[in-house]
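> Provided below for reference: sequence and predicted model.
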Amino acid sequence: MKKFVFIFGPQAVGKMTVGQELAKVTDLKLFHNHMTIDLLEPLFGFSTEMWRLTQLFRQEIFNSFSKSDNYGMIFTKVWYFNQKEDWDQIENMCQTVSSQGADIYFVELEANVEERLKRNKTPHRLEYKPTKRNIEQSEQHLLSTIESSRLNSKKGEIDKEHYLRIDNTYLSAEEVAQIIKKEFQL
């Protein structure tokens, strides 16, 4: 049975890094959200067209991967809980992968803002996410979304069979990956 692990949470919570560690200890392939953003942003900036193409690319990748012989995929994304279009995109993604028989595992990460601000400037993050290299702009976005958006779920809001919420403020990415692997028997 194919596996699809969806890791979500606010910016700089560690989604990609946890995904990288989970990929190391399973046969899952990592597709983190900046793989499409950082491909398209140099061409289109953070424009409507960039986001449109990002969604198109992701949908096609989900379609192709779902039909492949691969064991499974890890996908990471910030989920804007206060935006209906984000709910719709996630529902569409889930329908795409489940229509091909994949089991979907939801992993929500949370960490305090002080820790996220530290992680926002780590060399590892900046190596893999070119659009985050403007630290001042990245920090400003992180802080402003605390006021304007809800990036973690409310208790009971995610009613899925395979759902795990982890406060990883004081946990390493390796520890979190092991928790996920064990909980979902990946």
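All right, it came through fine. Remember, predicted model here, so these are calculated numbers, not experimental data.
> what's near enough to touch the nearest residue to residue 40 once chain neighbours are set aside?
The shortest distance from residue 40 to any residue other than its chain neighbours is 4.7 Å, reached at residue 50 (Cβ to Cβ, 6 or more residues apart in numbering). Just so you know, the C-beta spots here come from the backbone N, C-alpha and C atoms, and that holds for glycine as well. Listed by Cβ atoms under 8 Å, 6 or more residues apart in numbering, the contact set of residue 50 reads 37, 40, 41, 43, 44.
> List only buried entries from those.
Buried residues within the contacts of residue 50, defined by neighbour count using 16 or more other Cβ atoms under 10 Å: 37, 40, 41.
> hmm, back to that, any idea how far residue 142 is from the residue nearest to residue 40?
Using Cβ to Cβ, to the nearest Å, we find residue 50 at a distance of 20 Å from residue 142.
> So what's the gap between the worst-scoring helix or strand of the chain on mean pLDDT and the chain middle?
Least confident helix or strand of the chain, by mean pLDDT, DSSP states H and E, is helix 123-128 with a mean of 90. Relative to its parent chain, helix 123-128 has a centroid offset of 16 Å by Cα atoms, centre = their mean, to the nearest Å.
> got the buried residues for it?
Going by neighbour count (16+ other Cβ under 10 Å), the buried part of helix 123-128 is 125, 126.
> can you list contacts of it?
By Cβ under 8 Å, 6+ apart, helix 123-128 touches 12, 16, 17, 32, 34, 119, 132, 133.
> Does the residue nearest the centre of the chain belong to a helix, a strand or coil?
Nearest to the geometric centre of the chain sits residue 76, at 1.6 Å (Cα atoms, centre = their mean). Here residue 76 is recorded as strand under DSSP: H, G, I helix; E, B strand; the rest coil.
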